[in-house]
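> sequence below, structure please.
(one chain, ligands or ions: 3)
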Amino acid sequence: MKLNLMKPGSAQGATLVAFASSTKKEKTEVVKIHHATLAKKLSESVEDKTITGKAQSVTLFRDISFEGYRHVIVIGIGAKAEAESLRKIAAEVKKCLTAAKINEAVIDFDGLTSSKKDAPDFVQAFVEGALLASYEFTELKSKKSDKNDVKEITLHLCSKLAADAAVKKAFTEGQILGECVNFSRRLGDLPGNMMTPTILAQEAVAAAKGTGIKATVWDKARIKKEKMGGLLGVSQGSDQEPRFIVLEYKGAAASKKPVCFVGKGLTFDCGGISIKPSAAMEEMKYDMCGGANVIGAVIAMAKLKLKINVMAIVPSTENLVNGSATKPGDVHYARNGKSFEVNNTDAEGRLILADALCYASEQKPQAIFDAATLTGAIIMALGNTHTGYFTRDKSLKTKIESAAESSGELVWNMPLTDYHVNDIKGTFADFSNISSGKGAGSATAAAFLEQFVEEGIPWAHFDIAGTAWAVGNRLNYCPAKGASGAMIRTFVELAKQYV
Ligand code: BES
Ligand code: MN
Ligand code: ZN
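Ligands and ions are numbered 1, 2, ... in the order given. Reported below is the predicted structural model:
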């Protein structure tokens, strides 16, 4: 997908994309095409309800020859455009163009909004939606696409405000975010044999090149030396070496404390000795999405040149079973010296994150945010609509709600209390990696993580088990089955609050 931002009249593609709204006036629908001359030409199609103006409704008029355009697409925005609906609208435009084998279109943005205030948000959302919708994971198929298929789609966003600094900035930001989310999605979609801890580290290092990010990768020997007993304990059941990946971006003075983004990089989770059932186990290649997404988020922050110091911290390993694997009852020590019993080897995410949270705490950061496909229980609680987040810090909660509001990603605040901490007290060690109580499995997992965050450091944990992949049934700009890139956009918005 190629995108251009231009003044009206400077681009002449084969196809015009125009917007139509539908508002209620005294109980009757008023449908309006926001392009004066086109509205006249298509008045009959409005009358006979071919054009409804309903949000995401698409009508293609082929070969109608309008003002030099061969085709016209009218797309509904509903009563009023808003950023999230524009992501979806952009995805529908992309789908319509692909189905109609059209590879170039002009979007009449002035027909969408002439508001100087809304224009940047709308441009950014449209660009994000178009790029996110054009993501495909086809690299493992031997048959390349048909010759007749549309090659690359080019969209010209035409607006009187094309030269406006805020609009130009929003256009670039949409492109960076779209590309970084798609980058992380690919890492998630790659299967376990092609996405090992070593490969994840290589991909992170390669992506960091040229962005000003400093990448550091620790191998098994170093991880051992650094006393990361959780990461080591999980990795001992696998033939693949673990990796500890750190990306550092310094956009502010060296003296300014960083914001740390920690992500679970479990490249395949079979459960270990407490093995998982076979059904849908292949989906456990997505258990590194938290890691992939914080890598993508920090790369986006660097590309956006945010004036802030940030770090992505990703502990990465497989959770498999061999003769050396951690057994139920085994005790390991995390980097901060606290001991834990592994009473279920399938609760491994919290063990590798424990060391990463200790390491993040040592950076004396302004705040720590972590993302992890941590518990099946969060899917029971929230399905695949909301990412559940846990924090005891009221000001972080405000920051998170406002960041998610701007990014358009849905989040839900979950409880984390001393009761949950009580449930993960150990019998023979300090802690147990599973709860002694019933239910609230996501909250007790969060309570476990909390033990490794130094007191006083604002911290929030995001459980993305329900939202990291297969959300396409709700979000048309996400793949039906593939990785979504959950929380990348929200983390970038969060980072901006520390500038
Ligand atoms: N990676 C899984 C969580 C998961 C499950 C994510 C399904 C997405 C879909 C995690 O490592 C895990 O296995 N958690 C266990 C914890 C339990 C043993 C306390 C779970 O949720 O069942
Ligand atoms: Mn597991
Ligand atoms: Zn896992």
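> secondary structure element for the closest residue to ligand 3 within the stretch 1-150 of the chain?
Closest residue of the stretch 1-150 of the chain to ligand 3, Cβ to the ion: F137 (21.3 Å). In short, each C-beta sits where N, CA and C put it, glycine included. F137 belongs to no helix or strand when assigned by DSSP states H and E.
> quick one: it and G188, what's the gap?
9 Å (Cβ to Cβ, to the nearest Å).
> any idea how far the residue in the stretch 201-350 of the chain positioned nearest to ligand 2 is from T59?
Distances between the stretch 201-350 of the chain and ligand 2 by Cβ to the ion are smallest at D346, namely 3.9 Å. D346 sits 50 Å away from T59, going by Cβ to Cβ.
> T113 now?
From T113 to T59 the distance is 21 Å (Cβ to Cβ).
> ditto for V294
41 Å.
> so for those two, which residue has more residues nearby?
V294 (33 against 16; other Cβ atoms under 10 Å).
> could you list every residue that touches that one?
261-263, 312-314, 370-371, 491 (Cβ atoms under 8 Å, 6 or more residues apart in numbering).
> wait, a strand at it?
No: counting by DSSP: H, G, I helix; E, B strand; the rest coil, V294 is not part of a strand but helix.
> number of residues surrounding the nearest residue to it once chain neighbours are set aside?
In this structure, V294 finds its nearest non-sequential neighbour in G263, 3.6 Å apart by Cβ to Cβ, 6 or more residues apart in numbering. The number of residues packed near G263 is 34, by other Cβ under 10 Å.
> count of residues packed around the closest residue to F428 other than its chain neighbours?
Nearest residue to F428, sequence neighbours excluded (Cβ to Cβ, 6+ apart): E341, at 5.8 Å. By other Cβ under 10 Å, the residues close to E341 number 19.
> is ligand 3 within reach of the one helix or strand C289 maps to?
Assigning secondary structure by DSSP H and E places C289 in helix 289-303. No: using Cβ under 5 Å from the ion, helix 289-303 stays clear of ligand 3, coming no nearer than 9.6 Å.
> can that helix be found next to ligand 1?
No: contact of helix 289-303 with ligand 1 is not found when judged by Cβ under 6 Å from any ligand atom; the minimum separation is 9.1 Å.
> now for whichever helix or strand comes after that helix, which elements pack on it?
Sequence order places strand 309-319 as the next helix or strand after helix 289-303, per DSSP H and E. Judged by 3 or more Cβ pairs under 8 Å, 6 or more residues apart in numbering; DSSP states H and E, the packing partners of strand 309-319 are helix 197-208, helix 229-235, strand 243-250, strand 259-263, strand 265-269, helix 289-303, helix 349-362.
> right, and the ones you listed - which one's nearest K117?
Proximity to K117 (Cβ to Cβ) singles out helix 289-303 among the helices and strands packed on strand 309-319, at 24.1 Å.
> list the buried ones in the helix ranked longest in the chain?
Of all the segments of type helix in the chain, defined by DSSP state H, the longest one is helix 165-189. With burial defined by 16 or more other Cβ atoms under 10 Å, the residues of helix 165-189 counted as buried are 167, 170-189.
> pull the CA atoms of the helix or strand harbouring A119 into CSV?
Using DSSP H and E, A119 falls within helix 118-133. In CSV, the C-alpha atoms belonging to helix 118-133 read as follows (Å, rounded to 0.1, in the frame of the first residue of the first chain):
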residue,chain,number,x,y,z
ASP,A,118,-10.4,17.0,13.5
ALA,A,119,-8.3,16.7,10.3
PRO,A,120,-5.0,15.5,11.8
ASP,A,121,-6.8,12.8,13.9
PHE,A,122,-8.8,11.7,10.9
VAL,A,123,-5.9,11.6,8.5
GLN,A,124,-3.9,9.5,11.0
ALA,A,125,-6.7,7.1,11.6
PHE,A,126,-7.4,6.6,7.9
VAL,A,127,-3.7,6.0,7.1
GLU,A,128,-3.4,3.5,10.0
GLY,A,129,-6.6,1.7,8.9
ALA,A,130,-5.5,1.4,5.3
LEU,A,131,-2.0,0.1,6.2
LEU,A,132,-3.2,-2.2,8.9
ALA,A,133,-5.9,-3.7,6.6
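> check the offset of it from the chain's centre.
15 Å (Cα atoms, centre = their mean, to the nearest Å).
> and the angle for that helix with helix 165-189?
Helix 118-133 and helix 165-189 meet at an angle of 20 degrees, taking axes from the mean of the first three to the mean of the last three Cα atoms, to 10 degrees as the criterion.
> show me what helix 118-133 packs onto, helices and strands only.
Helix 118-133 packs on strand 2-6, helix 83-99, strand 154-158, helix 165-189, going by 3+ Cβ pairs under 8 Å, 6+ apart.
> and the third one, which strands flank it?
The one in question is strand 154-158. strand 2-6 (parallel), strand 104-108 (parallel) (DSSP bridges).
> any idea how far the helix or strand just after the first one is from the chain center?
Sequence-wise, the next helix or strand downstream of strand 2-6 (DSSP H and E) is strand 15-25. With Cα atoms, centre = their mean as the basis, the distance from the averaged C-alpha position of strand 15-25 to the chain average is 30 Å.
> how about stretch 323-339?
Per Cα atoms, centre = their mean, the centroid offset for stretch 323-339 relative to its chain is 31 Å.
> what of stretch 371-387?
With Cα atoms, centre = their mean, you get 14 Å for stretch 371-387.
> and that stretch, is it in reach of ligand 1?
Yes: using Cβ under 6 Å from any ligand atom, stretch 371-387 reaches ligand 1 at 373-377.
> surely the residue of the stretch 1-150 of the chain closest to ligand 3 and G482 touch.
Yes: here F137 reaches G482: they are 5.5 Å apart, a contact under Cβ atoms under 8 Å.
> quick one, which of these two is more surrounded?
Using other Cβ under 10 Å, the more surrounded residue of F137 and G482 is G482, with 19 against 16.
> let me know the pLDDT of the closest residue to that one other than its chain neighbours.
Spatial nearest neighbour of G482, chain neighbours left out: D189 (4.9 Å); criterion: Cβ to Cβ, 6+ apart. Predicted confidence (pLDDT) for D189: 99.
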